[in-house]
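J.: sequence plus predicted model, see below.
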Amino acid sequence: MEKDNTIAKITIYCILYGMIVCLNSVIIIYSPYVFIRVLNLIVVIIISSVIGSFIREIFIINNGKKQKQQE
């Protein structure tokens, strides 16, 4: 029960972080200032790595469930 809740939370966080990445990407494209572009590009890279680690956790949790079911 708790693991299902964890997967749901991780999925929601991935969706929220994905929207933040999209918004920052739009800011990067349309910003006239180089400093703002560079700063937002760094933020997009960091947030993308966070999303990747969340997705990795989902796969690890699902893999653990499959192993427990097989035993």
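T.: Structure's in. What do you need?

J.: hmm, which helix or strand of this protein has the shakiest average pLDDT?
T.: Sorting the helices and strands of the chain by mean pLDDT, DSSP states H and E puts helix 2-30 at the bottom, at a mean of 79.

J.: now do the contacts for the residue nearest the centre of the chain.
T.: Centroid-nearest residue in the chain, with Cα atoms, centre = their mean: Ile51, separated by 1.9 Å. Residues near Ile51 by Cβ atoms under 8 Å, 6 or more residues apart in numbering: 14, 17-18, 21. Backbone N, C-alpha and C define where each C-beta goes, glycine included.

J.: which helices and strands sit right next to the least confident helix or strand of the chain?
T.: In this structure, helix 2-30 packs against helix 34-70, with contacts taken as 3 or more Cβ pairs under 8 Å, 6 or more residues apart in numbering; DSSP states H and E.

J.: can you tell me the average pLDDT over the helix it packs on?
T.: What helix 34-70 shows for mean pLDDT is 83.

J.: buried residues in that helix?
T.: For helix 34-70, the neighbour count (16 or more other Cβ atoms under 10 Å) marks 40, 44, 51, 54 as buried.

J.: with stretch 17-32 instead?
T.: 17, 21, 24, 27-28.

J.: mind giving me TSV with these and columns for distance to Phe35?
T.: Formatted as TSV, these follow (distance: Cβ to Cβ, whole Å):
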residue	distance to Phe35
Tyr17	23
Val21	20
Asn24	14
Ile27	12
Ile28	12
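
J.: from the residues you listed, which is closest to Ile60?
T.: Of all the buried residues of stretch 17-32, Tyr17 has the smallest distance to Ile60: 18.0 Å, by Cβ to Cβ.

J.: my guess is that closest one meets Ser49, correct?
T.: No: contact criterion Cβ atoms under 8 Å: Tyr17 and Ser49 do not qualify, at 10.2 Å.

J.: shared neighbours, the two?
T.: Joint contacts of Tyr17 and Ser49 (Cβ under 8 Å, 6+ apart) do not exist.
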